[in-house]
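1. Kindly generate the corresponding structure for this input.
(one chain, ligands or ions: 2)
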Amino acid sequence: MTTVAIVVAAGSGTRMGADMPKALIPLAGRPLVAWSIWALNASDRVDGIVVVAPPGHERPMGMALGETAELLAMTTGGSSRGRSVAAGLGEVPEGADRILVHDAARPLLSPDHISMVLAGIEDADGAIIAAPAADTIKRTDDDLHIVETIDRSVHWLAQTPQAFRTESFARAIEVALEGDYIDTCTDCAAMVEAMGGAVRVVPSVLPNQKVTTPSDLEIVAQLLEARNLRA
Ligand code: CTP
Ligand code: MG
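-> Ligands and ions are numbered 1, 2, ... in the order given. A predicted model of the protein is given here:
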């Protein structure tokens, strides 16, 4: 079994509002993307890593990656997350039978997340780390009037890493490109679901916050610093 990880780091980080792409922002002493790369290298379940860089920032990305032992390739991302994933897939060597996709925006990734999500594809085309909905969920109309209270026990907040059998994943990307809906898929599971693939949820039991805004950066920096002190 060969597993290749695709790290999507090509976003511009509009909501962060920094003067550089989000993946390159310094976080607890390293560029944000370097935390995910550390976890993928530390996992004995990952055989190679492909990194998707923001257009025009390939050089600083190369420097952020440094001497990453398992790095197979770095490529340039596209205009949407889905297109960046497709670019990453283009660099995955023949023979990889499992693909792990991870957003650089989740720097709390650990080898345990990776093992857990890979275990989820034993009996499915894909598996995703997802958090149970903790708050009561309301559906509203355009005027923000509540239309319905939704049963939260069956709703999950999708995170990454997400793992897939390569055959199903490659087909899902191809179909999403052909069907022209790749730009609206905010995660990879959506593409596999759209072609009828079986994707399961692996409940998130470890910290895995996403860095979207400057306040997220502060919270995640504190969590990483606390983790380093314990190590
Ligand atoms: N991503 C990507 N290519 C894009 C858009 C997003 O590789 N064209 C990646 C981001 O780098 C990030 C992940 O997808 O690791 C999740 O996206 P998000 O958190 O939305 O990051 P950005 O798109 O960079 O942020 P924003 O939406 O605020 O601009
Ligand atoms: Mg985005």
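2. Show me what residue of this structure gets nearest to ligand 1.
-> Per Cβ to the nearest ligand atom, G11 is where the chain lies closest to ligand 1, at 2.0 Å. Quick note: C-beta positions are derived from backbone N, CA and C, even for glycine.
3. Mind naming the longest strand for this structure?
-> For the chain, the strand with the greatest residue count under DSSP state E is strand 156-165.
4. other SSEs contacting that one?
-> strand 98-103, helix 111-119, strand 126-132, helix 189-194 (3 or more Cβ pairs under 8 Å, 6 or more residues apart in numbering; DSSP states H and E).
5. and stretch 118-130, C-alpha only, in CSV?
-> Taking Å, rounded to 0.1, in the frame of the first residue of the first chain, the C-alpha atoms of stretch 118-130 are listed here in CSV:
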residue,chain,number,x,y,z
LEU,A,118,-6.8,6.1,6.8
ALA,A,119,-8.4,3.4,9.0
GLY,A,120,-11.7,4.9,7.8
ILE,A,121,-11.3,3.8,4.2
GLU,A,122,-11.0,0.1,4.9
ASP,A,123,-14.6,-0.3,3.9
ALA,A,124,-15.3,2.9,1.9
ASP,A,125,-14.1,5.0,-1.0
GLY,A,126,-13.2,7.9,1.3
ALA,A,127,-13.1,9.0,4.9
ILE,A,128,-13.0,12.4,6.5
ILE,A,129,-12.2,13.8,9.9
ALA,A,130,-15.3,15.7,11.0
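6. residue ranges with poor pLDDT in this protein?
-> 231 (pLDDT under 70).
7. can you pull out the helices in it?
-> 32-42, 58-65, 81-89, 111-119, 166-178, 189-194, 214-230 (DSSP state H).
8. Which of these sits closest to V147?
-> helix 189-194 (23.2 Å; Cβ to Cβ).
9. ok, residues contacting that closest one?
-> The set of residues external to helix 189-194 that reach it, using Cβ atoms under 8 Å, 6 or more residues apart in numbering, is 82, 125-126, 128, 158, 162, 164, 168-169, 172-173, 175-176, 179, 181-182, 185, 199.
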